[in-house]
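Engineer: here's my sequence, what's the structure:
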Amino acid sequence: MSVKSPTSVFTTFFAITSKAEYNISSCEVKRARKLDYLTGNGQKKWEPKDKLVLNGVDITSALVKFRNSSIKAAEDINGLNPLRVLSLSHVFLVNKLDPKNCISSYLEEKESKALSDWSHSLCYNIPRASNDAVLYCKSIADGDEAKDFKIEDDSVLSAMIKDLADQLINNKVKVNQSSEMSFMDKYLIPAIRRVLLNNAAEEVDGANSNGKKPDFMLGFSKKRQDVYCFFVEVKRPNMKSNYQEEGDMTKLLKQLKASIDKQLLLGLRDPTSLGLLMEGFKCSLFKMTLVADGVYLPLLIKLFSLVEEVHEMALLPLIVESLMFVKV
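Structural biologist: Model prediction:
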């Protein structure tokens, strides 16, 4: 990922994973603690300095109305779903793949259509794997000998896919799926190392965690400060968040907003942050931008699944494509 500033382009990466283990079903945790979302330095009243207007439709005013109703729900400690919690922090999720989990489902028809049309018009330059690389993975999934299939093109993307496929074939280590870190280390970190950390430091350092930090962060240096701009939240297979104060998606998108705020303070133009929500083997890739005053819009960019067994190797190209989007 390159972040452009008025004078420089920074591509120095560092990565941190949280090594602390949390078993939220342990006997020490009896129930989720209810949060008071209206404490702190935030302000209830929102007076936008500029507005998001799409095709002549005032989207910001609709978002102000939704946020005000969320504040009322927070005061009553009632009816606070993740989208309402996020709106208190000026974060409004746009999810065109799941309209029910999208801010547009809470807006009036005119505003909802304008926002939906705009989100569907966005085009993202996601690298595409070659046909050879796709067929190579399919041949492995079908049980054919990989050595009998050659990838003719010499692109970086194809080389990454082949390397990771070979690693997955030889990775027979069983992991304890009750451990988030062990689960991530086996099924996601190899792809992150190969795609995102190929030209950076190979070590992934541990970090102290208070349970609110993401499971993995990737960043760069700017003005002698560490700026994280890619975050990963992990939920083990078949786990629910009944005992967590906030859901993993809520925590992830708040981290993305905090990243954008820090980038703005450091003077970066067009700040962007990305996040990956890993729920078992299902992954959701988000990209957040600040589109108007007080309007932080995270968009769901891609859904993909991780490779659990060799017969699922055909899933690998989409994994690499998605991580290459993060890198670019």
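Engineer: and the next element down the chain from the helix or strand Val234 falls within?
Structural biologist: Secondary structure assignment for Val234, by DSSP states H and E: strand 225-235. Beyond strand 225-235 in the direction of the C-terminus, DSSP H and E gives the next helix or strand as helix 248-265.
Engineer: just the angle for that following helix relative to strand 225-235, thanks.
Structural biologist: Relative orientation of helix 248-265 and strand 225-235, computed by axes from the mean of the first three to the mean of the last three Cα atoms, to 10 degrees: 170 degrees.
Engineer: what residues does helix 248-265 touch?
Structural biologist: Contacts of helix 248-265 with the rest of the structure, by Cβ atoms under 8 Å, 6 or more residues apart in numbering, involve 3, 82, 85-86, 89-91, 93, 212, 214, 222, 225, 227-229, 231, 233-235, 241, 246, 271-277, 279, 284, 286, 288-290, 296, 298. Where you see a C-beta, it was placed from the backbone N, CA and C, and this is true even at glycine.
Engineer: so what's the backbone phi/psi at the nearest residue to Leu299 once chain neighbours are set aside?
Structural biologist: Once flanking residues are discounted, Leu299 sits nearest to Val94: 4.8 Å by Cβ to Cβ, 6 or more residues apart in numbering. Summarising the backbone geometry of Val94 under the convention degrees, to the nearest 10, its torsions are phi -110, psi 110.
Engineer: identify the residues contacting Val94.
Structural biologist: Val94 makes contacts with 102-104, 115, 119, 297-300, as judged by Cβ under 8 Å, 6+ apart.
Engineer: how about Tyr296, what does it touch?
Structural biologist: In this structure, Tyr296 makes contact with 89-92, 256-257, 260, 288-290, judged by Cβ under 8 Å, 6+ apart.
Engineer: same list (those residues) but as CSV, adding neighbour count, distance to Arg128 and pLDDT.
Structural biologist: Output for the contacts of Tyr296, formatted as CSV (neighbours: other Cβ atoms under 10 Å; distance: Cβ to Cβ, whole Å; pLDDT from 0 to 100):
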residue, neighbour count, distance to Arg128, pLDDT
Ser89, 17, 35, 94
His90, 19, 34, 96
Val91, 22, 30, 97
Phe92, 27, 30, 98
Leu256, 25, 25, 97
Lys257, 18, 30, 97
Ile260, 21, 28, 96
Met288, 25, 24, 98
Thr289, 15, 23, 96
Leu290, 19, 29, 96
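Engineer: tabulate these (CSV), appending distance to Ile151.
Structural biologist: What follows is the contacts of Tyr296, written out as CSV (distance: Cβ to Cβ, whole Å):
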residue, distance to Ile151
Ser89, 45
His90, 46
Val91, 41
Phe92, 42
Leu256, 35
Lys257, 40
Ile260, 38
Met288, 35
Thr289, 35
Leu290, 40
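Engineer: among the residues you listed, which two are most distant?
Structural biologist: Pairwise distances among those were taken by Cβ to Cβ; the largest, 15.1 Å, belongs to Ser89 and Thr289.
Engineer: number of nearby residues for Leu97?
Structural biologist: 12 (other Cβ atoms under 10 Å).
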